[in-house]
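> Sequence plus the predicted model coming up.
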Amino acid sequence: DSVGKDGYRHYMEKELHEHPQVIGQTLQRMVDPSTRRIVLPDLPFDLARVPRAIITACGSAFYAGMVGRYWLEDIARLPVDIDVASEMRYRNPPLVSGSLGLLISQSGETADTLAALRGLRERAVHILSVLNVEHSTMARESDLVLGTVAGPEISVASTKAFTAQLTVLACLTVATARARGTLKASDEEELVAALLDLPSRVADVFGQGDAIRQMARVVAEARDVLYLGRGSMVPVAMEGALKLKEISYIHAEAYAAGEMKHGPISLIDGNVPIVAAVPSGPLFDKTSSNLQEAKARGGRLLVFTDTEGAGRMSAMAERVVVLPRVHGFVAPILHAIPMQMLAYEVAVLKGTDVDQPRNLAKSVTVE
Ligand code: G6P
């Protein structure tokens, strides 16, 4: 009802606007305000000695895990294996005992994720779960729970729980890197500062509402949409495509931009909008040339970039949404939000049942 929605049209819209607060609250739980260092609860294992992490989850939580893989490999130098839980539960990967099983779930009740958790547990893997519902079945069966402080999420399509998961994984990465000695103190300060700066930067994203609605008009007319990104923007593109499919029923595919030439480029014509997440940074030029290739084949470019990338992207794209420039580490968290907002605006234009999309459930407790 409209009371629960606080005047917003849908729970999803309300929950989108909770991003800054949710990221802030999640950080408050993990960052010591006086030292500005990440503080984890007492761990029943030693992060410095973990030989490998195995990340598994479903849906949006899986994409959060994919971003976590980029971070843990790059910053903490920790080898990572990752798969969707419905596969992980039946895979039989060789596991080194003492590895870290990292499970991610909003509800803590998803059947596949729970089964994967139990499978890893049996094989002497430490279980660390990133959960929003802290009294869930997965919470009871984990060695340690890191809570996302997202509050109840009513909309079937996940929004704020996803950025809260990313926030926790970012903090876990910094703590793991410190334990493993892969991060200088000054770099650690820089990463924590970037995280603490996020809630206010995220609040700025809502100022782009009109530009996002203009993009939504292009997407709403399409039958197929291609989402592109590189590096930690690949899972962000996947989250954007998933959200669009879930609530607008438009077919969308996400690809690593560099992989486009090995297949999806053949699909591109003037009817296929290309949504790309292109923050400035080391992968900016490479992604730009992929977008040029798409444009040369008639693709309509709809680009999310930042203040530094805005000039170059405006010269080539049909529509550009300019986000604040943030540290590359936290860019996937920031960029995920307008991706979700775009899907929301498209669904509103299409008139779908945004909060209760057909055939989907908030928590899938059967296999
Ligand atoms: C369902 C929801 C998704 C969610 C996924 C995993 O498919 O519709 O939004 O990402 O389940 O749920 P979990 O509770 O494990 O995060």
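Perfect, I can see it now.

> ok, the closest residue to A222 other than its chain neighbours - how many residues close by?
Spatial nearest neighbour of A222, chain neighbours left out: P273 (5.1 Å); criterion: Cβ to Cβ, 6 or more residues apart in numbering. The way it works is simple: take the backbone N, C-alpha and C, and place the C-beta from them, glycine included. As a burial measure, P273 scores 24 neighbours (other Cβ atoms under 10 Å).

> Then H135?
Neighbour tally, H135, other Cβ under 10 Å: 9.

> wait, the residue nearest to A222 sits on G298?
No: contact criterion Cβ atoms under 8 Å: P273 and G298 do not qualify, at 11.0 Å.

> what ranges do the helices span in this structure?
11-17, 19-30, 59-76, 85-88, 111-122, 137-140, 160-180, 185-205, 209-220, 233-248, 284-296, 310-316, 331-350 (DSSP state H).

> of all the ones you listed, which lies closest to the ligand?
Nearest of the helices of the chain to the ligand, taken as Cβ to the nearest ligand atom: helix 59-76 at 2.7 Å.

> what angle sits between the closest one and helix 233-248?
For helix 59-76 against helix 233-248, the angle by axes from the mean of the first three to the mean of the last three Cα atoms, to 10 degrees is 170 degrees.

> returning to that earlier point: so what pLDDT did the residue nearest to A222 get?
P273 carries a pLDDT value of 97.

> now do V3
For V3, pLDDT reads 54.

> repeat for the one 3 residues further on
The confidence metric pLDDT takes the value 90 at D6.

> same question, R77
Among the per-residue scores, R77 holds a pLDDT of 98.

> Test my guess that it contacts A179.
No: using Cβ under 8 Å, R77 is not in contact with A179, being 11.2 Å away.

> neighbour-wise, which of those two wins?
A179 (18 against 13).

> List the residues that contact the more buried one.
46-48 (Cβ atoms under 8 Å, 6 or more residues apart in numbering).

> List phi and psi for N271.
Here is the backbone geometry of N271 (degrees, to the nearest 10): phi -100, psi 0.

> Enumerate every residue touching A256.
Applying Cβ under 8 Å, 6+ apart, the residues contacting A256 are 228-230, 234.

> Can you tell me which of these comes closest to the ligand?
Among the contacts of A256, and counting by Cβ to the nearest ligand atom, the member closest to the ligand is V234, at 17.3 Å.
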